[in-house]
Structure formats: structure tokens, C-alpha cells
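> Sequence plus the predicted model coming up.
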Amino acid sequence: MYLVTAEEMRMLDRYTITKGGIPGIILMEQAGKAVAEEIMARQPSPGRAVILGGTGHNGGDGWVAARHLLYRGWTVLLWRLGKEEKIVPDAKVFYEACSRHVPVRGCDSTQLPELERDLRSADVIVDAMLGTGAKGELRQTVAEVVTLVNAVDRARVVAVDLPTGVDADTGAVSTMAVKADVTVTFQYPKWGHYLRPGTDFCGEVIVREIGLTPPSLGATPVPRARLNDPELWHEYCVRRDPWAHKGTYGHLLVIGGARGMLGAVAMAGEAAYRMGTGLVTLTVPESERLALAAKVTQAMVWSWPGDGVFAAGSVAAFRETPRRFSALAVGPGLGRFAGEEAWMAQLLEQADLPLVLDADACNILADYSGLLPLVRARKQATIFTPHPGEMARLMRLPVKGVEENRPLVARKLAERLQAIIVLKGRYTLIAFPDGRCLLNPTGGPALAKAGSGDLLTGMIGALLAQGVPAEKAVPMAVFVHGRAGEMTGMQEHSVMVTDLCQAIPVVIDQLVD
Ligand SMILES: NC(=O)C1=CN([C@@H]2O[C@H](COP(=O)(O)OP(=O)(O)OC[C@H]3O[C@@H](n4cnc5c(N)ncnc54)[C@H](O)[C@@H]3O)[C@@H](O)[C@H]2O)[C@H](O)CC1
Ligand SMILES: [K+]
């Protein structure tokens, strides 16, 4: 499903009207009817609904919803934000249709006590004040109404398209925003539904078709972003051939595990096995080999020279073995060490394999800009999996700068490094070198646990090792990782990273069935 900006939505809207020949009021009728249907689905028995309508098309959707509720026996109380003469023509049609049955009161600061009484008596409050057309700080009356709405705890708050106060493209909330229980949006989700803090004001996001001409019939622009979805699994479902020999499903080499951080590399290895790779070898500094061998059962344990951390020249050992492996994952518990720059340079130059770089591998690349051209020069796929802090170092930005511009920074780094960037967080983003972007809708607080990133590294490496092309392997692994996080429940205090790991095959079975 596409993920759109307000401008892309407006253009797709316009395309349907101008090229598709569908009048705008038809779209508005569809949108408002969808809102009413979602309300009635949640409260089948007619109740009392307060409709707060702005003078734009968002308000128009609200007047349509009001009419459908009214026709189905609801008591509707209508409040207009803004002057009647300012109402856009399409919305005016439905505004007048409503006002034939129910008086519409204009809301200004003197009316707030009456409005507050209505809000307190309501079963449902429909926020049709501002949608994708909002600009800048909320005007005073709207801000006062938002405050009143948020102070009511009885009614279910349903936002039309977006909660008033949430920026459609960035999820930013300049002054304040309506705290919605449900947001009904139209045709495609907007970025603001999935970026903080806006996403925290949306409640449950429902996407309803309203009959826009699809890009497949020529509608432009074709959005550059989509929601990650499990469709990929049907295309590449990882069928188990019972007679395959263990090499059929690839061989992943995981490099990391400095002293005190062996768990990271062990978890990455275990997750890789659960993601279906045939063989996993874990390589740690020589001093840690025995300790790791005692910890893991399935993975083969190797070591390169190093006491506690890798010695500077240790990666030279890689030179003799690239043929044995089909993918490489570097970073889980890697640590920092003397000679790391030359070590990483050798790896980037010699590792002619799909490569996942995580944790301190990202930090090493962030600290030595001379390494970045080596990333671009690689022939095989390179995937970075930074959390916001590691991304901030890679982009030389404060973390706040990353979190406020997630799609932008992820796309910029993907293009700069010609690599796939997995920017982890509440709704992980996957950015590709060509500017495309996927937002992953699965995940939960369980993923915030230390070690969850090690699992993801192993999972991506596992699919790469099985020969799944990187631009499919990454979304597939991120989707399963998030769904496994959901499956292991929301009690993040009790969730162990191993629980996440055990959920991986269960999630895959559900997807592949
Ligand atoms: N294909 C679709 O997505 C469809 C969307 N529809 C709805 O249309 C709105 C967008 O409508 P638009 O007229 O462009 O803007 P809004 O109604 O969201 O807002 C404009 C309205 O708000 C006032 N305003 C703007 N900024 C502020 C502010 N900072 N403070 C206070 N008031 C502000 C402005 O004066 C106007 O009155 C979209 O969200 C959908 O809900 C179509 O109806 C169906 C197709
Ligand atoms: K709204």
C-alpha cells in the first residue's frame, strides 16, 4: 500500500477529478460515508455525535458523516469552525444538506461553554476541523476547541483523515493536536500517521478506499513510499526442501562478539537459523572462542586473532574463505578496537558478498569518513541497520534531527552510500539507493530490548545467505522481526530476546500458509 504526502494525495485527488472525470463531491461523499460507517461499526446503536467541521474539504467530509449518522437515527450536534462564507463549494453542498435538518452553530470563543456541554454529552466526537490542508500553528479558536476535546474522556474521538494539529507529511505537532481513538484516512495512509509524535495522536488508523484512479491506470504521481507488507513472503516463501543438503540454504558468517558481548553474536546466529539459513559460522576474537563454543550449540565457532577484541590485521584471515560463505553480518557485539579503520577497509574491499553492518560496524563507518567511498564501490549489496543514535553519528546530526526527519535522512544516507538503510525505531524505515522507501508497520515495545537488533541482523543475513535479493530480504526480515515483537506481547519487562527468537518460525508459518 502506498504511503503518501499531502501533495501526492492532492495530486492523486486532482487526477481522479480532472482525468478520471469523477466530481470532487463524489469523493467527499465516499470519504464522509466511510467515517460514518466506521463510527457505526464501533457503536451500532444510535447515539449522540458532535461534528466539529472546518471550512475546508476536511469539514466537508464531516458534514457528509453527520448526514449519514442522522439518517441512521443518531442525534448529531453540528459546530462550524470558521465563517460560513469561507466554506469551500464542495463542502457547502453537504453543509447545507445537513443544516436542512439540524442547526449548525458557529464556534467562536464566546460559544465555548455551550460547546463544552455538547462535547461532554457526546458518545462520539468527529474531528473534521483540519486535515491535510492545515498550515502552521493552530489558530486560537481551533486550539481552544482541541483543548476542550482532549479534556473529554467519555466520548470516542474519531479524526477525519488526520487528527487536527498533526502535520500530514512529518507527523509534527506544532501547538497541540486532537488525541483521537480512531483516525479514518482515505485511499492511502499519510506519513503523519506513522511518524512521531503525530502517530501517537492517531489511535487506530483505518484506511478506506474512496475510489481514486489507481496509479496502475495512469494516475500520477506514483508515490515513492509504501507500507512494508508480507506479500513478499508469498513470492519468496522460504520453502523447505526436505532432501536439501545443509548447503542449499546458504552459509552466513557473523563477525562480532568482543569480550563481554558474546550474547549478541550468539543471538544473531540463533536468529539466522530460525530464519532458515542452512549454516551459520560465528567469528569472534581468539580469546573468546572457547567461551562462545560453550554457549552455542548449532553454529560453528571460529576465531580470528585478538584478545578481547579483534587484532588489527585479523580480517586478513577473511581473504582465504570468501567462497565458503554466501553472506556476511558484521557488528553484533563487535566493540571498538585499535586498527579498526584498516580492518573495516579490508573487509569492505574483500568481502565480495552481501553484507549487513550493524551496531559498532555502523559506528566505525561513522567515525572514519574515508571508509564511505569503499561502501559505494562495493558490487554486492550493503545493508546498514542503525538505531537513531547510530544514524545520528552516521549523519553527523543530533538524534533529535534524525527523529524529526526520519524519511529524509534515511533516503539521503541510502543515496550517499548506495546502500540499503534500515532506520530502526517505532515504525522502522527501509530506504533504498534509488529513493524508494518502505515503512514497516509491525513492531512493539518488546523490540526496544537490547539484543533485538542482533536478531534483526541475523535475520537479514540469513535471507541474504539463502540467495534472497537484498531488496526483498531486508523488508521480509524487518516485517517478521516486527511481527515477532508483537507476538511476544507488550509486557516488555518480561520479554526475553530469546522469546522474540522463538517467535520467528511461528510468524513465518503464518505468513507462508
Ligand atoms: N483524496 C482525498 O484525500 C480527499 C480528501 N478530502 C478531504 O480534504 C481534506 C483536505 O482539504 P483542504 O480543503 O485542502 O484542507 P483542510 O480542510 O484540511 O483545511 C483547510 C481549512 O483549515 C483552515 N486552516 C488551515 N490551517 C489552519 C490553522 N493552522 N489553524 C486553523 N485553521 C486552519 C483553512 O482556513 C481551511 O478552512 C483532507 O484532509 C480530506 O479530509 C476530500 O474531502 C475527499 C478526498
Ligand atoms: K481532522
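Perfect, thanks for sending it. Numbering: from 1, shown residues only. Ligands and ions are numbered 1, 2, ... in the order given.
> Quick one: name the residues of the stretch 151-300 of the chain near ligand 2.
Proximity of the stretch 151-300 of the chain to ligand 2, by CB under 5 Å from the ion, involves residues 159, 160, 164. C-beta here means a position set from N, CA and C on the backbone, and glycine is covered the same way.
> can you put those in TSV and add distance to residue 217 and neighbour count?
What follows is these, written out as TSV (distance: CB to CB, whole Å; neighbours: other CB atoms under 10 Å):
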residue	distance to residue 217	neighbour count
159	30	33
160	26	33
164	33	28
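> any idea which of those residues is closest to ligand 1?
When these are ranked by distance to ligand 1 (CB to the nearest ligand atom), residue 160 comes first, at 5.2 Å.
> Of all the residues in the stretch 301-450 of the chain, which one is nearest ligand 1?
residue 439 (18.4 Å).
> Residues in a beta bridge with that residue, which ones?
Beta-bridge partners recorded for residue 439 (DSSP bridges): residue 227, residue 429.
> so what's it up against?
Applying CB atoms under 8 Å, 6 or more residues apart in numbering, we find residue 439 in contact with 3, 191, 194, 225, 226, 227, 228, 407, 427, 428, 429, 430.
> Check what pLDDT it gets.
Here the pLDDT value assigned to residue 439 is 97.
> which stretches of the stretch 101-250 of the chain form helices?
112-121, 140-151, 199-202, 231-235 (DSSP state H, counting those that start in this stretch).
> what number of residues lie near the residue in the stretch 1-150 of the chain positioned nearest to ligand 2?
For the stretch 1-150 of the chain and ligand 2, the shortest gap (CB to the ion) falls at residue 127, measuring 4.5 Å. For residue 127, the count of nearby residues is 30 (other CB atoms under 10 Å).
> okay but it is in contact with residue 156, surely?
No - Residue 127 is beyond contact range of residue 156, at 11.1 Å (criterion: CB atoms under 8 Å).
> Quick check: neighbours shared by these two?
When contacts are counted by CB under 8 Å, 6+ apart, residue 127 and residue 156 have no shared neighbour.
> which parts of the stretch 101-250 of the chain sit against ligand 1?
Proximity of the stretch 101-250 of the chain to ligand 1, by CB under 6 Å from any ligand atom, involves residues 130-139, 142, 160-161, 186-187, 210, 212.
> I'd guessed residue 476 sits against residue 468; true?
Yes - using CB under 8 Å, residue 476 is in contact with residue 468, at 6.9 Å.
> Need the phi and psi values for residue 441.
Main-chain torsions, residue 441, degrees, to the nearest 10: phi -80, psi 0.
> could you measure it against residue 479, distance?
9 Å (CB to CB, to the nearest Å).
> what sits up against the helix or strand residue 290 falls within?
Following DSSP states H and E, one finds residue 290 within helix 289-295. The contact list for helix 289-295 (CB under 8 Å, 6+ apart) reads 257, 262, 263, 265, 266, 282, 284, 301, 302, 303.
> wait, what's in contact with residue 184?
34, 35, 38, 158, 159, 160, 161, 206, 208.
> Of those, grab the buried ones for PyMOL.
In PyMOL, a selection of the buried entries from those looks like this (16 or more other CB atoms under 10 Å):
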select buried, resi 34+35+38+158+159+160+161+206
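> Mind putting the contacts of residue 184 into CSV with distance to residue 85 and pLDDT?
Below are these laid out as CSV (distance: CB to CB, whole Å; pLDDT from 0 to 100):
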residue, distance to residue 85, pLDDT
34, 28, 98
35, 25, 98
38, 31, 98
158, 27, 98
159, 26, 98
160, 22, 98
161, 24, 98
206, 33, 98
208, 30, 98
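> Check the burial of residue 267 by counting its neighbours.
Residues near residue 267, counting by other CB under 10 Å: 26.
> Give me the pLDDT for the residue lying farthest from the centre of the chain.
The outermost residue of the chain, judged against the average C-alpha position, is residue 100 (43.7 Å), by CA atoms, centre = their mean. The model reports residue 100 with a pLDDT of 97.
> Against residue 53, how distant is it?
Taken as CB to CB, the span from residue 100 to residue 53 is 15 Å.
> How about residue 174?
Residue 174 sits 21 Å away from residue 53 when distances are taken as CB to CB.
> Between the two, which has more neighbouring residues?
More crowded of residue 174 and residue 53, by other CB under 10 Å: residue 53, with 31 against 13.
> okay, now the residue nearest to residue 144 when sequence neighbours are not counted: neighbour count?
Spatially, and ignoring its direct neighbours in sequence, residue 144 is nearest to residue 112 (6.0 Å; CB to CB, 6 or more residues apart in numbering). Using other CB under 10 Å, residue 112 is surrounded by 16 other residues.
> Could you pull up the residues touching residue 112?
Shown in contact with residue 112 (CB under 8 Å, 6+ apart): 144, 145, 148.
> Narrow those residues to just the buried residues.
Among the contacts of residue 112, those scoring as buried are 144, 145, 148 (criterion: 16+ other CB under 10 Å).
> Could you dump those residues into JSON lines with distance to ligand 2 added?
Below are the buried ones among the contacts of residue 112 laid out as JSON lines (distance: CB to the ion, whole Å):
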{"residue": "144", "distance to ligand 2": "16"}
{"residue": "145", "distance to ligand 2": "11"}
{"residue": "148", "distance to ligand 2": "15"}
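> Export those residues as TSV, with columns for distance to residue 368 and pLDDT.
TSV is the format used below for the buried ones among the contacts of residue 112 (distance: CB to CB, whole Å; pLDDT from 0 to 100):
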residue	distance to residue 368	pLDDT
144	53	97
145	53	98
148	55	98
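> ok, so of those, who is nearest ligand 1?
Ligand 1 lies nearest to residue 145 out of those, by CB to the nearest ligand atom, at 9.9 Å.
> these two touch, right, that closest one and residue 128?
No - assessed by CB under 8 Å, residue 145 is found out of contact with residue 128, at 11.6 Å.
> mind showing which ranges of the protein have poor pLDDT?
Within the chain, the stretches with pLDDT under 70 are 234-242, 244, 246, 490-494.
> tell me, what residue is most central in it?
So for the chain, CA atoms, centre = their mean, it's residue 427, sitting 2.8 Å from the centre.
> Residue numbers of this protein in contact with ligand 1?
Going by CB under 6 Å from any ligand atom, the residues of the chain near ligand 1 are 9, 13, 27-28, 31, 54-61, 82, 88, 130-139, 142, 160-161, 186-187, 210, 212.
> hmm, back to that, quick check: strands, which of the residues of the stretch 151-300 of the chain next to ligand 2 are part of them?
When these are checked against strands (DSSP state E), the matches are 159, 160.
> Turn the residues of the stretch 151-300 of the chain next to ligand 2 into JSON lines, columns for distance to residue 70.
Shown next, in JSON lines, are these (distance: CB to CB, whole Å):
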{"residue": "159", "distance to residue 70": "20"}
{"residue": "160", "distance to residue 70": "16"}
{"residue": "164", "distance to residue 70": "22"}
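> Now flag whichever of the residues of the stretch 151-300 of the chain next to ligand 2 is closest to residue 401.
residue 164 (26.5 Å; CB to CB).
> now check stretch 19-33, is it near ligand 2?
No - residues of stretch 19-33 are not located near ligand 2 by CB under 5 Å from the ion, the shortest gap being 11.2 Å.
> can I get the CA coordinates of that stretch in PDB?
Coordinates of each C-alpha in stretch 19-33 appear next as PDB, following Å, rounded to 0.1, in the frame of the first residue of the first chain:
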ATOM      1  CA  LYS A  19      -8.600  13.000 -15.800                       C
ATOM      2  CA  GLY A  20     -10.900  10.400 -14.200                       C
ATOM      3  CA  GLY A  21     -14.000  12.500 -14.600                       C
ATOM      4  CA  ILE A  22     -15.200  12.000 -11.000                       C
ATOM      5  CA  PRO A  23     -16.500  15.200  -9.400                       C
ATOM      6  CA  GLY A  24     -14.900  16.100  -6.100                       C
ATOM      7  CA  ILE A  25     -18.100  15.900  -4.200                       C
ATOM      8  CA  ILE A  26     -18.400  12.200  -5.000                       C
ATOM      9  CA  LEU A  27     -15.000  11.600  -3.400                       C
ATOM     10  CA  MET A  28     -16.200  13.700  -0.400                       C
ATOM     11  CA  GLU A  29     -19.400  11.700  -0.100                       C
ATOM     12  CA  GLN A  30     -17.300   8.500  -0.200                       C
ATOM     13  CA  ALA A  31     -14.900   9.800   2.500                       C
ATOM     14  CA  GLY A  32     -17.600  11.100   4.800                       C
ATOM     15  CA  LYS A  33     -19.700   7.900   4.400                       C
END
